[in-house]
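[1] Quick one, fold the following:
(2 chains)
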Amino acid sequence: AQTVTQSQPEMSVQEAETVTLSCTYDTSENNYYLFWYKQPPSRQMILVIRQEAYKQQNATENRFSVNFQKAAKSFSLKISDSQLGDTAMYFCALRGSGYSTLTFGKGTMLLVSP
Amino acid sequence: DTAVSQTPKYLVTQMGNDKSIKCEQNLGHDTMYWYKQDSKKFLKIMFSYNNKELIINETVPNRFSPKSPDKAHLNLHINSLELGDSAVYFCASSPEPRLGETQYFGPGTRLLVL
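    Numbering: from 1, shown residues only, chains lettered A, B, ... in the order given. Sure, this is the predicted structure:
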């Protein structure tokens, strides 16, 4: 069975600052994929960033980057230069290989204040 | 262009009624999913279909019956609605595994059972 743990229910950051959201996971598979999804108040699930477990290089997407530590089974999300529009619930998710589905963490509510 | 669409966006109904939620994707994906997000924002997989065939059923009560008339559509029918069915239901789709693993979500359907 796969599990995903997000230990920070809520985080706050001021505009323009940097914040890191934590995620740890467990899986018995060797080939898997990790994701961060964002859910703003509009409720839409938006993909922020993805990482293939077989790639050592950390994924980056503009202001968003991850710190993927495979041995420690850790997958944290760093948001640089935080913007008000980053206010949302952030979900870490894990998907195995083949026809597998996403296992989500419980989410971290991020509030960006002026 | 809407990639994954769901109708309706909101659904308010009485206990005991039967209701359906429709999902369509225009991404050409082979695999579609239904997820349930409860009042605590926890997201959990319900069903997964690949090319109209059910491949994953996560111990969902048999009052829930997914139907896939073609690979672009996955509808969810719920019989004898109960208070505990109140949640947001998300449809998602992804390519077949060898082509990609990212799931794309619809806007969600908020179901309220009174």
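[2] Show me what the helix-or-strand element of chain B with minimal mean pLDDT pairs with in its sheet, parallel or antiparallel.
    The weakest-scoring helix or strand in chain B, judged by mean pLDDT, DSSP states H and E, is strand B:53-57 (a mean of 84). Its sheet considered, strand B:53-57 pairs with strand B:43-50 (antiparallel) by DSSP bridges.
[3] Next one: the spatially closest residue to B:Q14 that is not a sequence neighbour, what pLDDT does it get?
    Sequence neighbours aside, B:L114 is the residue nearest to B:Q14 in space, at 5.7 Å (criterion: CB to CB, 6 or more residues apart in numbering or on different chains). Placement of C-beta: from N, CA and C, glycine included. Here the pLDDT value assigned to B:L114 is 96.
[4] do you know how far B:L114 is from B:D38?
    17 Å (CB to CB, to the nearest Å).
[5] same deal with A:M45?
    In terms of CB to CB, A:M45 sits 15 Å off from B:D38.
[6] Get me the contact residues on chain A for chain B.
    Counting by CB under 8 Å from any CB of the partner chain, chain A comes close to chain B at A:33, A:35, A:37, A:39, A:42-47, A:50, A:89, A:91, A:95, A:97-99, A:101-104, A:106-107.
[7] Just the buried residues from those, in ChimeraX please.
    Applying 16 or more other CB atoms under 10 Å in any protein chain shown to these, the buried members can be selected in ChimeraX as follows:
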select /A:33,35,37,39,43,45,50,89,91,95,101,102,103,104,106,107
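[8] Quick check, pLDDT for the most centrally placed residue in chain B.
    For chain B, the residue nearest the mean C-alpha position is B:W34 (3.0 Å; CA atoms, centre = their mean). On pLDDT, B:W34 comes in at 95.
[9] Provide a list of residues in contact with it.
    B:C23, B:I45, B:M46, B:F47, B:P66, B:L74, B:L76, B:Y89, B:F90, B:C91, B:A92 (CB atoms under 8 Å, 6 or more residues apart in numbering or on different chains).
[10] which SS class is it?
    strand (DSSP: H, G, I helix; E, B strand; the rest coil).
[11] Is it bridged to anything, and to what?
    Beta-bridge partners, per DSSP bridges, of B:W34: B:F47, B:C91.
[12] picking up where we left off before, only C-alpha atoms, please: export the least confident helix or strand of chain B in CSV.
    The C-alpha coordinates for strand B:53-57 follow below in CSV (Å, rounded to 0.1, in the frame of the first residue of the first chain):
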residue,chain,number,x,y,z
GLU,B,53,-13.3,-1.1,-18.9
LEU,B,54,-13.3,-0.9,-15.1
ILE,B,55,-9.8,-1.5,-13.7
ILE,B,56,-10.0,-0.2,-10.2
ASN,B,57,-12.8,-0.1,-7.7
